[in-house]
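K.L.:
Next input, structure requested:
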Amino acid sequence: MNDSNLPCPCGLPSSYGQCCGLIHQHFAATGKLTAADAEALMRSRYSAYVLDLLDYLLATWHPSSRPSTLTPNEPGLKWLGLQVKKHVRQDAEHALVEFVARSKLGARAYRMSEISRFERVDGAWLYLDGEIG
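P.N.:
Now for the predicted structure:
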């Protein structure tokens with residue numbers, strides 16, 4: 001993101017530079033994942049989708065379910081917002097995040113609803129998989 005003072009794509013009332021940008025920049029500089037919990041990782045992943053940060057997305061995917069590659073956003077895709085409906089910490093290493101992400105491509109609007117599973121591995125939260133609703 002060219003201007004870290006712009007609102008964060010994840011929807012929290014912070015600038016990108018003070019929100020998901022901190023997590024993305026730390027990863028870019030060190031290769032380490034620092035999301036404090038599964039919800040923070042979910043929000044940082046949504047922002048990474050918005051910004052086409054494919055390396056970050058792959059790094060935050062659990063090794064057991066990680067795809068070998070990701071493709072960039074289709075030209076003209078506009079991400080419209082993220083709504084986190086629920087964050088449930090199941091135990092010290094597992095959590096669920098229910099969310100809705102909205103986007104638009106051309107004249108068509110899309111809505112993706114998912115209950116995502118996260119697992120903490122070696123201290124870092126990772127996206128395991130999700131059930132699309």
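K.L.:
secondary structure element for the nearest residue to W79 once chain neighbours are set aside?
P.N.:
Excluding the flanking residues, the one nearest W79 by CB to CB, 6 or more residues apart in numbering is V50, at 4.4 Å. For glycine as for every other residue, the C-beta is placed from the backbone atoms N, C-alpha and C. Per DSSP states H and E: V50 is located in helix 38-51.
K.L.:
list the helices and strands that helix packs on?
P.N.:
Secondary-structure packing of helix 38-51 (3 or more CB pairs under 8 Å, 6 or more residues apart in numbering; DSSP states H and E): helix 20-30, helix 54-59, strand 77-91, strand 94-105, strand 108-121, strand 124-132.
K.L.:
residues in contact with it?
P.N.:
Residues outside helix 38-51 that contact it (CB atoms under 8 Å, 6 or more residues apart in numbering) are 1, 8-12, 16, 19-21, 23-24, 33, 35, 53-54, 56-57, 60, 73, 79, 82, 84, 87, 89, 95-97, 99, 101, 116, 118, 125-127.
K.L.:
Relative to the whole chain's centre, how far out is that helix?
P.N.:
With CA atoms, centre = their mean, to the nearest Å as the basis, helix 38-51 stands 2 Å off its chain's centre.
K.L.:
Also stretch 40-58?
P.N.:
4 Å.
K.L.:
Output it as CSV, nothing but the C-alphas.
P.N.:
This file holds the C-alpha atoms of stretch 40-58, laid out as CSV (Å, rounded to 0.1, in the frame of the first residue of the first chain):
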residue,chain,number,x,y,z
ALA,A,40,-5.6,-10.6,13.7
LEU,A,41,-4.3,-13.2,11.3
MET,A,42,-7.7,-13.3,9.5
ARG,A,43,-7.7,-9.5,9.2
SER,A,44,-4.1,-9.4,8.0
ARG,A,45,-4.9,-12.1,5.4
TYR,A,46,-7.9,-10.2,4.1
SER,A,47,-5.7,-7.1,3.7
ALA,A,48,-3.1,-9.3,2.0
TYR,A,49,-5.7,-10.4,-0.5
VAL,A,50,-6.7,-6.8,-1.1
LEU,A,51,-3.0,-5.9,-1.7
ASP,A,52,-2.0,-9.0,-3.6
LEU,A,53,0.6,-10.0,-1.0
LEU,A,54,0.8,-13.6,-2.2
ASP,A,55,4.0,-14.5,-0.3
TYR,A,56,2.4,-13.5,3.0
LEU,A,57,-0.8,-15.4,2.2
LEU,A,58,1.2,-18.6,1.4
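K.L.:
I'm done for today, thanks for sticking with me.
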